[in-house]
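# predicted structure and sequence below. I'll ask about it afterward.
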Amino acid sequence: MKHYKVLVILFLFVFQVQYAQYTDEINSNRPGKSMMAFSVGKSVFQTEMGLNFQNEDHSKLKYTANGFIGEIDFRYGLFFEELEFIAELQYQNDSYKTSFDKTRRSALKKTLIGAKYLIYDPFKNYEVKENLYSWKANHKFNWRQFLPAVSGYVGVNLNFSDNPFNYAPSYIEEPVVSPKVMLITQNHFGKQWVFVTNIMYDKIASDFASINYILTLTRGFNQKWSGFFRTSRL
């Protein structure tokens, strides 16, 4: 019951903070859970949240798990427009059942702290000027949209010893700190399509190091609605 109260307070805090966003457009990382190349902006504090319900049934390991996963990200732009600091928290609460036992598990499944920097913006200091004498020139295909914005990310995974959701079996101890790096690219095709690529190297120098990717294609339908397609290897 204690954990449920913590989550309720956390969600109320999220809704309060969202109103502090003063930019015209919110740069969100939530669609497809991919990370976009652009930051929230200097001196802007933003939170993003998600709630997932799970129902696992593992036939080989012979266990079932039912519960929920709450996610919340804190993003803060500091020093420069291109720089952003990010804290990602993932809390899991479930009922874990095997042939011999049934337990209730709850803990921070993931704690990740890092920073992202926009290395290259193809549209910075670039302005498309209207040609008053040529309709064709104003409507020609813009090849510049194939140049992606590029960002780099560096972070650390923090592992707590009492975490029941560790990747490792109980007889293997995971490192307390393991680095994560990521290359992020973002293309804007026209006014409605955005393509984001995340290529990441996670848990570096540990027994669980992995190279993963997320590809997300998003289409905006209007000012309020958009849809996305995602493929990933996680």
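It's in. Note that the coordinates shown come from a computational prediction; the quantities given were computed from them, not determined experimentally.

# from Asn222, how far off is Leu118?
To Asn222, Leu118 is 27 Å away according to CB to CB, to the nearest Å. In this view, the C-beta of every residue, glycine as well, is placed from N, C-alpha and C.

# out of the two, which sits in the busier spot?
Leu118 (21 against 7; other CB atoms under 10 Å).

# residues contacting the more buried one?
Ala37, Phe38, Ser39, Glu81, Glu82, Leu83, Ala149, Val150, Ser151 (CB atoms under 8 Å, 6 or more residues apart in numbering).

# quick one: the helices in this protein?
Counting by DSSP state H, the chain has helices at residues 2-18, 135-138.

# and those, which one's lowest on average pLDDT?
If you rank those by mean pLDDT, helix 2-18 sits at the bottom with a mean of 44.

# just give me how far stretch 97-114 sits from the chain centre.
Distance of stretch 97-114 from the chain centroid (CA atoms, centre = their mean, to the nearest Å) equals 21 Å.

# what does it contact?
In contact with stretch 97-114 (CB under 8 Å, 6+ apart) are residues 3, 62-65, 67, 69, 85-96, 153-160, 162-165, 180.

# do stretch 192-210 as well
Contacts of stretch 192-210 (CB under 8 Å, 6+ apart): 32, 34-37, 148, 153, 157, 167-168, 172, 174-175, 178-189, 211-221.

# pull out the buried residues from that stretch.
Within stretch 192-210, the residues scored as buried using 16 or more other CB atoms under 10 Å are Val194, Phe195, Val196, Thr197, Asn198, Met200, Asp202, Lys203, Ser206.

# next one: stretch 173-184
Neighbour-count burial for stretch 173-184 [16+ other CB under 10 Å]: Glu174, Pro175, Ser178, Pro179, Lys180, Met182, Leu183, Ile184.

# repeat for stretch 213-221
So for stretch 213-221, counting by 16+ other CB under 10 Å, buried means Ile214, Leu215, Thr216, Leu217, Thr218.

# identify, from the residues you listed, the entry nearest to Ser232.
Ile214 (4.3 Å; CB to CB).

# how about the contacts made by the closest one?
Gly32, Lys33, Ser34, Val196, Thr197, Asn198, Met200, Arg230, Thr231, Ser232, Leu234.

# could you redo the last one with a cut-off of 6 Å?
Ser34, Asn198, Ser232 (CB atoms under 6 Å, 6 or more residues apart in numbering).

# what's the spacing between the first one and Gly227?
Read that as Ser34. 14 Å.

# ok, those two, which is more surrounded?
Counting neighbours by other CB under 10 Å for Ser34 and for Gly227 shows that Ser34 has the greater number, 20 against 10.

# is it true that that one touches Leu217?
No. Taking CB atoms under 6 Å as the definition, Ser34 is not a contact partner of Leu217, at 10.0 Å.

# got any ranges where the protein has weak pLDDT?
1-32, 61, 128, 131-141, 161, 167-171 (pLDDT under 70).

# which stretches in it count as strands?
45-58, 63-77, 83-98, 102-120, 149-158, 177-189, 193-202, 210-220, 226-233 (DSSP state E).

# between those strands, which one is closest to Trp143.
Nearest of the strands of the chain (CB to CB): strand 177-189, 11.3 Å.

# which strands and helices lie in contact with that closest one?
strand 149-158, strand 193-202 (3 or more CB pairs under 6 Å, 6 or more residues apart in numbering; DSSP states H and E).
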